[in-house]
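Engineer: Model the structure of this input:
(chains A, B and C)
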Amino acid sequence: MHAPQSELPDIAADVLARLRERSPRVHCITNSVAQAFTANMLLAAGCVPSMTVSPDEVAAFVARSGALLVNLGTFDAERRAAVDLAIEEAGDEGVPWALDPVFIDRAPARAAYARTLVERHPRALRLNRAELAALADGESDDEAAARYAVAQLTVVGVSGKVDVVTDGTRQFGIANGDALMGRVTAMGCAASALVAACLAVEEDALVATAAGLIAIGVAGEVAAARAGGPGTFAAAIIDGIYHLDRETIRMRARVT
Amino acid sequence: MHAPQSELPDIAADVLARLRERSPRVHCITNSVAQAFTANMLLAAGCVPSMTVSPDEVAAFVARSGALLVNLGTFDAERRAAVDLAIEEAGDEGVPWALDPVFIDRAPARAAYARTLVERHPRALRLNRAELAALADGESDDEAAARYAVAQLTVVGVSGKVDVVTDGTRQFGIANGDALMGRVTAMGCAASALVAACLAVEEDALVATAAGLIAIGVAGEVAAARAGGPGTFAAAIIDGIYHLDRETIRMRARVT
Amino acid sequence: MHAPQSELPDIAADVLARLRERSPRVHCITNSVAQAFTANMLLAAGCVPSMTVSPDEVAAFVARSGALLVNLGTFDAERRAAVDLAIEEAGDEGVPWALDPVFIDRAPARAAYARTLVERHPRALRLNRAELAALADGESDDEAAARYAVAQLTVVGVSGKVDVVTDGTRQFGIANGDALMGRVTAMGCAASALVAACLAVEEDALVATAAGLIAIGVAGEVAAARAGGPGTFAAAIIDGIYHLDRETIRMRARVT
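Structural biologist: Numbering: from 1, shown residues only, chains lettered A, B, ... in the order given. The predicted structure is shown next:
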């Protein structure tokens, strides 16, 4: 992408419009806590979610999908088997995939496993600062993000007060969102699912990752204005994604 | 049932009233994406859901339930073992059961498995057109529905713009619902759960299936009038089932 | 606790304030139906939920958590393995834990298993009357609650129109809540999660258990005043926990 940051909101709106036009299927290997919220977020964005983790059929589901999400939220033996088959199939079929290494800062076995997945070249890696630190072995966040981006051919999206998206060369900051997003389970998982969805309709993984994060951040701001707390916010942000339009994105997206 | 279609809304209201009076327990072997929404839908209708898939106890749960739902949404080895035990117990105890062969159009192994389940005579088979086509091996939808209905002693409910319900002899169309129902995950699964619930209190499986589909279709229309998008709609349709009364059903049900 | 019942609302408000200040992580081994709702309830109360059941990492998660919840809602081989590891780790690390023996009145194998867990001394046991009866082998509810409390060094919280909380010596009744709470799946599971959370910040398990049950009961009353049915109620009670303040607790808590 040669566009400057000022054009990114419009480009993000284009990507979201393509989701609604093309309705890509997004296969999600995600944790059981996040499944329903993630599926509803994808449906609201115009996509078709599928969620099976059965080793008997995960490859068939991935082969015909537009993108794959691998989320480690409740990782277990069955999900690991599914992840392995799914990533292999995605590689064979040219299906782009995104990795969300949830909670790898909480258990060493999970961090070690995540490192092996990063080496298999996800097109996007979405995580928070603590998770990046767990991957990074003592580097600073920025160094780690850049190193992963360059070495792994992967775009890194780091969530925080300001999200940072980089492919090792280009970098954007996205200063959208609302504090209530941290009070709803699976919000990060749903953000990663939107990133995966955008990969299905946008070749440039940096743009796709930024578009997904802009979408959920802006929808979160719209939802916060309507919600009475985190319970009603969880429904309102899905409404927000469903109604998200170019004008709202232009008005609210804060890209640096 | 010898009643004409014009009486079906009132008969459906009777069935729903019986759910509230008798509070049948409905055991659901369903996918993890759908479990919470399905349980909440059943609770709103006055039923008691149970959801275990553990082979150690599924038979005990089914034996004392009013109806069984078998949903293939995230089928895996454990769920298949549970399904086998559950259907056998349902047969022994005379517990009626409904089958929802979710997504069998996406993976051949799943379609083959679904065919073996249809042969075990569910009282109702609820699915969409793509799923019916995957079962049907090249027949037209109507032929397939009729053939399954006749050969398997099973009522077939096919969801679509107009739902079609048939037992191979009698047939109804139900033209209720709202487009937002397609934007909430597990909506079809919840519809199938309501169908299963109605089987617990209504001998005539054609009537039970129609009652379940009328209920969710009408509740969907009521909810759409109140919702701000698919997130708030998911809550509103549960409210709609909870408050659904004879007058609303009479006013809104469109049966042909 | 030497405080009389009249001081319990204020003490409960103190406990809830500590949850928001300290944000304890609460590890929940709970059923897949309840996971998302439970996580959202804990987040609304200011806690950090974690939910893995993988035997490879559950001990690591428990070791660094503030409290553990063991819920038997969909008990299966994997969850049982996780429970065993988790309780052992909790004992070693001094992490308090709460047990919610969901639906043990529905299957004998589950009741037998629950008895083995009670013998491992949870700090709190939260259940309903039918579940207590299944544990109790023919004793009256009050006898059973008292016996468990005394013999097992466990506080027993029995949900009902009036919740009863006892440590075998002291006893409180809590007459809060709303009928809609019985129409939302996992409401009891979420109550138990709040009890577990309170154990993380309050040494006196009787006070912690009472605080958790007061919180959800009062939030339920606030939510019922705003909800249009059980669907919107489920979101509203999470908002209610999020906003729950000392004044509302003082005004509404009915402790006897």
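Engineer: which helices and strands sit right next to the lengthiest helix in chain A?
Structural biologist: Using DSSP state H to define each element, chain A has its longest helix at helix A:205-224. For helix A:205-224, the packing partners by 3 or more C-beta pairs under 8 Å, 6 or more residues apart in numbering or on different chains; DSSP states H and E come out as helix A:8-22, strand A:124-128, strand A:155-159, strand A:163-166, strand A:171-174, helix A:187-201, helix A:230-243, helix A:246-252. The C-beta positions use only the backbone N, C-alpha and C, and glycine is treated the same way.
Engineer: Report the separation between residue A:4 and residue A:248.
Structural biologist: Residue A:4 is 21 Å from residue A:248, where distance means C-beta to C-beta, to the nearest Å.
Engineer: Pick out whichever of those two has more residues nearby.
Structural biologist: Shown here are residue A:4 and residue A:248; by other C-beta atoms under 10 Å in any protein chain shown, residue A:248 has more neighbours (17 against 8).
Engineer: Contacts (any at all) between chain B and stretch A:230-238?
Structural biologist: Yes: counting by C-beta under 8 Å from any C-beta of the partner chain, chain B is contacted by stretch A:230-238 at A:234, A:235, A:236, A:237, A:238.
Engineer: which among the residues you listed end up buried?
Structural biologist: Buried subset of the residues of stretch A:230-238 next to chain B (neighbour count, 16 or more other C-beta atoms under 10 Å in any protein chain shown): A:234, A:235, A:236, A:237, A:238.
Engineer: What about the nearest residue to the third one once chain neighbours are set aside, how many residues nearby?
Structural biologist: The one in question is residue A:236. In space, not counting the residues next to it along the chain, residue A:236 is nearest to residue A:223; the distance is 3.6 Å by C-beta to C-beta, 6 or more residues apart in numbering or on different chains. The tally of other residues near residue A:223 (other C-beta under 10 Å) stands at 27.
Engineer: tell me which helix or strand of chain A sits lowest on mean pLDDT?
Structural biologist: The helix or strand of chain A with the lowest confidence, counting by mean pLDDT, DSSP states H and E, is helix A:141-152 at a mean of 68.
Engineer: who in chain A is up against chain C?
Structural biologist: A:31-34, A:36-37, A:73-77, A:103, A:106-110, A:182-186, A:227-232, A:234-235.
Engineer: I'd like to know which of those are buried.
Structural biologist: A:31-34, A:36-37, A:73-76, A:103, A:106-107, A:110, A:183-186, A:227-232, A:234-235.
Engineer: what does chain A put close to chain B?
Structural biologist: Residues of chain A lying near chain B (C-beta under 8 Å from any C-beta): A:32, A:35-36, A:39-40, A:43-44, A:49-54, A:56-57, A:60-61, A:64, A:78, A:226, A:234-240, A:242-243.
Engineer: Quick check: phi and psi on residue A:50?
Structural biologist: phi -140, psi 150 (degrees, to the nearest 10).
Engineer: Kindly state the pLDDT recorded for residue A:192?
Structural biologist: In this model, residue A:192 is scored at 97, pLDDT.
Engineer: what's the burial count for it?
Structural biologist: Neighbour tally, residue A:192, other C-beta under 10 Å: 33.
Engineer: show me what contacts it?
Structural biologist: A:69, A:71, A:98, A:99, A:100, A:126, A:212 (C-beta atoms under 8 Å, 6 or more residues apart in numbering or on different chains).
Engineer: Next, residue A:112: phi, psi?
Structural biologist: The phi/psi pair for residue A:112 (degrees, to the nearest 10) reads phi -60, psi -40.
Engineer: do the same with residue A:133
Structural biologist: The phi/psi pair for residue A:133 (degrees, to the nearest 10) reads phi -60, psi -40.
Engineer: Tell me how far it lies from residue A:59.
Structural biologist: Note on residue A:133: its distance to residue A:59, by C-beta to C-beta, is 33 Å.
Engineer: likewise residue A:95?
Structural biologist: Distance from residue A:95 to residue A:59, by C-beta to C-beta: 11 Å.
Engineer: Which one's more surrounded, these two?
Structural biologist: Comparing residue A:95 with residue A:59 by other C-beta under 10 Å, the one with more neighbours is residue A:95, at 23 against 17.
Engineer: Quick check: phi and psi on residue A:132?
Structural biologist: Torsion angles, degrees, to the nearest 10, at residue A:132: phi -60, psi -40.
Engineer: swap in the one 4 residues further on?
Structural biologist: For residue A:136, the backbone dihedrals are phi -90, psi -10 (criterion: degrees, to the nearest 10).
Engineer: Just the pLDDT at it, thanks.
Structural biologist: pLDDT, residue A:136: 81.
Engineer: now residue A:181
Structural biologist: 97.
Engineer: Neighbours of it, how many?
Structural biologist: Using other C-beta under 10 Å: residue A:181 sits among 24 other residues.
Engineer: Same question for residue A:208.
Structural biologist: Quick note: residue A:208 (other C-beta under 10 Å) scores 29 neighbours.
Engineer: Give the full set of residues in contact with residue A:68.
Structural biologist: Residue A:68 touches A:26-29, A:62, A:86-87, A:90, A:95-98, A:196, counting by C-beta under 8 Å, 6+ apart.
Engineer: Quickly name whichever of these is closest to residue B:15.
Structural biologist: Residue B:15 has its nearest neighbour among the contacts of residue A:68 in residue A:28, at 36.1 Å by C-beta to C-beta.
Engineer: and the closest one, backbone torsions?
Structural biologist: Taking degrees, to the nearest 10 as the convention, residue A:28 sits at phi -120, psi 120.
Engineer: And residue A:60, how close does it get to residue B:111?
Structural biologist: Applying C-beta to C-beta to residue A:60 and residue B:111 gives a distance of 11 Å.
Engineer: which of the contacts of residue A:68 tops the neighbour count?
Structural biologist: Counting neighbours by other C-beta under 10 Å, residue A:196 leads the contacts of residue A:68 with 36 neighbours.
Engineer: just checking, that residue touches residue A:25?
Structural biologist: No: under the contact definition of C-beta atoms under 8 Å, residue A:196 does not touch residue A:25, with a separation of 10.9 Å.
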